[in-house]
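**Student:** what's the 3D shape of this:
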Amino acid sequence: MSGINDYIDNEVKGNDVVLFMKGTPGFPQCGFSGQVVQILDYVGADYKGVNVLDSAELRQGIKDYSNWPTIPQLYVKGEFVGGCDIVREMFQAGELQTFLVEKGVSVKGAA
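**Tutor:** Next up is the predicted model:
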């Protein structure tokens, strides 16, 4: 188990913004993953997509890692932000862009 945990930890800490998702940013395999991709693309944040469908171990591992039962999962600067609902709510409230900028992530149209 530690192998997958190390891999996840490395992805989370090695990328400013990482989205563990079903499918890829170019071809999401579920609606929730697709929504988060659309939001991140809209705000213009650079992020890395990690396809949990590549491995059952990874799919379970990310849930254990975050103690969060669903996918997608968004991490910013090593911090778990949340899943689709949380990201969507932050985006609709105008908080997501602010949050990303405060974390030092460049977004489109940010001052």
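**Student:** measure residue 83 to residue 6 for me?
**Tutor:** Distance from residue 83 to residue 6, counting by C-beta to C-beta, to the nearest Å: 23 Å. The C-beta positions use only the backbone N, C-alpha and C, and glycine is treated the same way.
**Student:** Looking at those two, which has the bigger crowd around it?
**Tutor:** residue 83 (20 against 11; other C-beta atoms under 10 Å).
**Student:** ok, and the closest non-adjacent residue to the more buried one?
**Tutor:** residue 70 (5.1 Å; C-beta to C-beta, 6 or more residues apart in numbering).
**Student:** Spit out the contact partners of the one you found.
**Tutor:** 32, 63, 83, 84 (C-beta atoms under 8 Å, 6 or more residues apart in numbering).
**Student:** Look at it and give its secondary structure.
**Tutor:** coil (DSSP: H, G, I helix; E, B strand; the rest coil).
**Student:** Now it: phi and psi?
**Tutor:** Taking degrees, to the nearest 10, you get phi -120, psi 160 for the backbone angles of residue 70.
**Student:** average model confidence for the strand or helix carrying residue 3?
**Tutor:** If you go by DSSP states H and E, residue 3 is part of helix 2-14. In this model, helix 2-14 has a mean pLDDT of 95.
**Student:** what distance separates stretch 59-78 from the centre of its chain?
**Tutor:** With C-alpha atoms, centre = their mean, to the nearest Å as the basis, stretch 59-78 stands 8 Å off its chain's centre.
**Student:** Now do that stretch: distance from first to last residue.
**Tutor:** Stretch 59-78 stretches 18 Å from its first residue to its last (C-alpha to C-alpha, to the nearest Å).
**Student:** got a list of what the closest residue to residue 103 other than its chain neighbours touches?
**Tutor:** Computed as C-beta to C-beta, 6+ apart, the closest residue to residue 103 that is not its neighbour in sequence is residue 77, at 4.8 Å. Neighbour list for residue 77: 16, 17, 103, 104, 105 [criterion: C-beta under 8 Å, 6+ apart].
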